[in-house]
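Undergrad: could you look at this predicted model? Sequence included:
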Amino acid sequence: MTNLERVATEIKTVGLYDLILQDVQKLLGKSRLTTEEILQVLHEHPEILRDYKQTNVEYNLSNIHLKDIPLDGLEGECREMAEKVNSNLSVLREIEKYTLDFAHSSTLVIIFSVEFFVLFSVQYFIVLLNLKAYQWYIYTFFALSIAVAWWYAKREQKRYARENARFERLYDETLKLLEGLEEKGCIKKSDLWIMESDEHV
């Protein structure tokens, strides 16, 4: 559900993907690239596509380049399957953020940021407010906050793994439904491609 032609065009023209473009340039040993050359690299080096997808997820951009199927004119089984596809696409877009490796997720960054703030506060209370008499209570609070942060991080890590597995299942199911709809002549997948992102404009 990721349009490789769009990916190649965006890698070539959108500044967000400059690091990926540099990787492609190194692989090909040249600085001026055509979209076709980038497409070839995407087919031969899956890690380039993986980096593109990861960059999108980090910036809350979707790797699902399909719009919902218009239901007008569809009846019976075609309509039921199209409604299921639309429902799946909605869920996939919602849980796509969990496809990012937890170690690179914004959730982990937030946890570390909160802990840094707590550490700074501990130092502030002890040194600047001259609360040395209470320092063991303050350090105990800091230790507790570390324990809570560790527990929360572990919980979120499991959630990422669970939602990622759910994403993979739904993704495969949706692809099969789309293939079935196309075989029945209900839709043309090429009509559903979203060829550019509003966020890049």
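TA: Ah, there it is.

Undergrad: hey, which helix or strand in the chain has the poorest pLDDT?
TA: helix 106-123 (a mean of 81; mean pLDDT, DSSP states H and E).

Undergrad: show me what it is packed up against.
TA: Applying 3 or more CB pairs under 8 Å, 6 or more residues apart in numbering; DSSP states H and E, one finds that helix 106-123 contacts helix 135-183. For glycine as for every other residue, the C-beta is placed from the backbone atoms N, C-alpha and C.

Undergrad: how far off centre is the helix it packs on?
TA: 12 Å (CA atoms, centre = their mean, to the nearest Å).

Undergrad: now swap in stretch 175-191 and tell me
TA: Worked out by CA atoms, centre = their mean, stretch 175-191 lies 25 Å from the chain centre.

Undergrad: what residues of that stretch count as buried?
TA: For stretch 175-191, burial by neighbour count (16 or more other CB atoms under 10 Å) applies to 177-178, 181, 186-187.

Undergrad: quick check: end-to-end length of it?
TA: One end of stretch 175-191 to the other measures 15 Å (CA to CA, to the nearest Å).

Undergrad: one more: stretch 89-104?
TA: 24 Å.

Undergrad: then stretch 135-153 to CSV, C-alphas only?
TA: Output of stretch 135-153 as CSV, limited to C-alpha atoms (Å, rounded to 0.1, in the frame of the first residue of the first chain):
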residue,chain,number,x,y,z
GLN,A,135,17.5,15.2,50.6
TRP,A,136,16.9,11.5,51.3
TYR,A,137,13.2,12.0,50.9
ILE,A,138,13.8,13.8,47.7
TYR,A,139,16.2,11.1,46.4
THR,A,140,13.7,8.5,47.4
PHE,A,141,11.1,10.3,45.3
PHE,A,142,13.6,10.4,42.4
ALA,A,143,14.2,6.7,42.7
LEU,A,144,10.5,6.0,42.7
SER,A,145,10.1,8.1,39.6
ILE,A,146,12.8,6.0,37.9
ALA,A,147,10.9,2.8,38.9
VAL,A,148,7.6,4.2,37.5
ALA,A,149,9.3,5.4,34.3
TRP,A,150,10.9,1.9,33.8
TRP,A,151,7.5,0.2,34.4
TYR,A,152,5.8,2.6,32.0
ALA,A,153,8.5,2.1,29.3
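
Undergrad: if we can go back for a sec, and the contacts of the least confident helix or strand of the chain?
TA: The contact list for helix 106-123 (CB atoms under 8 Å, 6 or more residues apart in numbering) reads 58, 102, 138-139, 141-142, 145-146, 149, 152-153, 156, 160.
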